[in-house]
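In: the following block contains a protein sequence and its predicted model.
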Amino acid sequence: MADIEKSKGVISSKIPAIAQPLAEEPEAIASNINYHAQYSPHFSPFKFEPEQAYFATAESVRDRLVKQWNETYLHFHKEDPKQTYYLSMEYLQGRALSNAIGNLGIKNAYADALNKLGHDLEELVEQEKDAALGNGGLGRLASCFLDSMATLNLPAWGYGLRYRYGLFKQRITKEGQEEIAEDWLEKFSPWEIVRHDIVFPVRFFGQVEANPDGSRKWVGGELLQALAYDVPIPGYKTKNTISLRLWDAKATADDFNLFQFNDGQYESAAELHSQAQQICAVLYPGDATEAGKLLRLKQQFFLCSASLQDIIFRFKERRNGKGSWQWSDFPSKVAVQLNDTHPTLAIPELMRLLMDEEGLGWDEAWDVTSRTIAYTNHTVLPEALEKWSQTVMWKLLPRHMEIIEEIDKRFIALVKTTRTDLESKISGMCILDANPKKPVVRMANLCVVSAHTVNGVAQLHSDILTSELFADYVSIWPKKFQNKTNGITPRRWLRFCSPELSNIITKWLKTDEWATNLDLLTGLRKFADDADLQAEWASAKMANKQRLAQYIERVTGVNIDPNSLFDIQVKRIHEYKRQLLNILGAIYRYKKLKEMSSEERKKTTPRTIMIGGKAFATYTNAKRIVKLVNDVGEVVNTDPEVNSYLKVVFVPNYNVSVAEMLIPGSELSQHISTAGMEASGTSNMKFSLNGCLIIGTLDGANVEIREEIGEENFFLFGATADEVPKLRKDRENGLFKPDPRFEEAKQFIRSGVFGSYDYNPLLDSLEGNSGYGRGDYFLVGHDFASYMDAQAKVDEAYKDRKRWLHMSILSTAGSGKFSSDRTIAQYAKEIWNIQECRVP
């Protein structure tokens, strides 16, 4: 032990530094790590502290990945299967080291190797910063999908942008949330490989020239370069390793004006370089200004243009030397999936590339485009269905606007000639709206008109799309619309993040194959009342709760009791997700505890309420909610009468790694959005898979989770989606009668108990019957009574330990449907028409 202690922090001289990229034995792996520490240096020599050890370890794992990656690329090239390309503005990858060694099945060997080098694997894993490439569920879904594509040996890639500063890192101060830039690339990421040979030009602004032969060409403007960075995505227990290709924007040396620079005009000399840096600086830059809108649109087009040029290049590369081919073959070799409306510009851009660069006529280009592209809708919220100003679009992308105009013109003609009954609906269905004050391009409409398939992401959501949002299109193209209920990867979200529970599941099912065949979990049902399983289950949950309690104390300074009920809500802060309902419930609970005698308090169920998530920087009400949660925690947690029965904690800077700590340690999770507003949700699936019970509304995937695990194991409350419109109407007509408990909770905030901050603007959103930002649009007041009643049922159920464990086991047992492997297998078969392409 003394030797190890001495060697910690310096490179080991006992272990030879020899390159052994494919090492499997601990001794050889240690050698390879040592080799990277010495011969792939990123730090001054002799230092081998946890940070240096992490980078050397990551590079050692990467050696193995690179071999599998190259083999996969070559195999796809040789076999030339139809391949899917997934376009997404966001990916929330989480840490790569623990995931890679888990998927490759080399975790134990690496742990032993690091021990020989005087380091601890768990400690090194903590050195890795989460890649800041996403924000919420949309990005995490994309990452789960990549994991499943690789695990199912599917020919598929992801495309995204390489954001240097991410969305933001959240810091909590006395004022509430503060946003600071993410620093994940401050040093470098060992998981990305820059491909200096993969560079494509991307144009902005300029004008369209007509050629004598009638063809058109986009010229002039600003020309930037898209440079590819590749991240390997290993499948679980397979050689297949696919790519997430991230684009970075750069300008060339030719774009640097040396004359201006030497004349002291430093900024204008490097203007294009500065423009390039802005594109991949931040995810979702503020768009309140004209410049902000332009930048967002630039990002979206940059992703689409670079990715499509790359896809076309690869299509041609694989045809090389194979005789003649036609562009009509393209859709039988390429599937492009748009993850929400952000990559919609892929539609006019593919048309432009085919017509202006490859010389196809309109009809042929349209046939290829509409057979290649499919669209996933992720929201019914009007503000999230993107609409771009036509003026801004004409300025930035003049050729694309010509193409969009033509698509729209032809669509309107189709409706007028084939569906006269829909003529009155055309103004709402067409792509370019004709509002003279603020003409916009409706991106969702463009997707629906152009894509061969449109899907929602949970059964309820897809039903709302076909019966409401896109109902008129359904009558034209009934076969275009599908449902693909979201899923999560069971590797990251159970196998790796909760090893104790995983081992118990494997022991009782007598197989570990559940990690790739999640339906096997139903085998736990018959043991749900087994005293031995319940005891093991409880001890695994307790280990996770203790780990979480240590984490909470480390990051917030709040001491929480692992014997209390751990109640967690973590997701983006948004009024429709109703963190406000949660905190109002907590406030009411606090007030009641204060009114009780000490004897009465002893009969209550002690509870620790944890809330986490980022509020968008310009979303004032969401930031007020963050502030309120922190202010309530400040008072409750320091109140000696109550703090052994209730704690309220805001968990700062929620990300994938924080989720991997919170979810396994959670016992109750809140998924309480206004019914009909959450497309699916995926954290509900992660909690459920980990044996956590859900309190929730009939919204998104909650509906299907409740069906799968049994309604008696789900704490249901609130209005249903079909009741919501009438309730809003009743509210407008002054028919709403609030529950006295709701009024009491609001009054308690107004009394100043939680400090002097003015919460009236936030509370005003719950008041009145109508008007902007008033009238309780998200029905917090309406659902409060049934929410409090459901919480009382939770308190009762938790007191009955056997019953709670029974429900917890059934929750995990019923989560098989929610594997992203199932989701991706359905996309592959029913939308993309691609087959397995396994590396031999």
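Out: Sure thing, it's come through.

In: contacts, neighbours, all on C-alpha from now
Out: Will do.

In: where do the helices sit along the stretch 501-650 of the chain?
Out: Counting by DSSP state H, counting those that start in this stretch, residue ranges of the helices within the stretch 501-650 of the chain are 531-556, 579-595, 598-602, 620-636.

In: out of the ones you listed, nearest to residue 798?
Out: With CA to CA as the criterion, residue 798 lies closest to helix 531-556 of these, at 12.7 Å.

In: wait, which of the helices of the stretch 501-650 of the chain is closest to residue 16?
Out: Taking CA to CA, helix 531-556 is the member of the helices of the stretch 501-650 of the chain nearest to residue 16, at 36.2 Å.

In: which parts of that closest one are buried?
Out: Neighbour counts over helix 531-556 (16 or more other CA atoms under 10 Å) mark 533-534, 537-538, 540-549, 551-552 as buried.

In: packing partners of it?
Out: Under the contact criterion of 3 or more CA pairs under 8 Å, 6 or more residues apart in numbering; DSSP states H and E, helix 531-556 touches helix 499-509, strand 646-651, helix 656-662, helix 801-813.

In: measure stretch 10-18 end to end?
Out: 17 Å (CA to CA, to the nearest Å).

In: what's the answer for stretch 814-826, then?
Out: First-to-last residue span, stretch 814-826, CA to CA: 19 Å.

In: what does that stretch contact?
Out: Contacting residues not belonging to stretch 814-826 are listed as 144-145, 148-149, 151-152, 484-490, 516-522, 685, 688-689, 705, 708-710 [CA atoms under 8 Å, 6 or more residues apart in numbering].

In: starting at the chain centroid, how far to it?
Out: 17 Å (CA atoms, centre = their mean, to the nearest Å).

In: circling back: tell me which of the contacts of stretch 814-826 fall in strands.
Out: Counting by DSSP state E, no part of the contacts of stretch 814-826 is found in strands.

In: of the residues you listed, just the buried ones, PyMOL syntax please.
Out: For the buried members of these, the matching PyMOL selection, counting by 16+ other CA under 10 Å, is:
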select buried, resi 144+145+148+149+151+152+484+485+486+487+488+489+490+516+518+519+520+521+522+685+688+689+705+708+709
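
In: by mean pLDDT, which helix or strand of this structure comes out lowest?
Out: Least confident helix or strand of the chain, by mean pLDDT, DSSP states H and E, is helix 2-7 with a mean of 41.

In: tell me which strands the helix or strand following that one pairs with, and in which orientation.
Out: Next in sequence after helix 2-7, counting helices and strands by DSSP states H and E, comes strand 9-10. Applying DSSP bridges, strand 9-10 is found paired with strand 47-48 (antiparallel).

In: for the record, mean pLDDT for the helix or strand that the strand it pairs with is followed by?
Out: Next along the chain after strand 47-48, taking DSSP H and E as the criterion, comes helix 50-79. Averaged over helix 50-79, pLDDT sits at 97.

In: gap between whichever helix or strand comes after helix 50-79 and the chain center?
Out: Remark: after helix 50-79, the chain's next helix or strand is strand 83-87, criterion DSSP H and E. Between the centre of strand 83-87 and the centre of its chain there are 17 Å (CA atoms, centre = their mean).

In: show me the helices in the stretch 301-450 of the chain, by range?
Out: According to DSSP H, counting those that start in this stretch, the helices that the stretch 301-450 of the chain contains are 346-352, 362-372, 390-396, 398-418, 426-429, 443-450.
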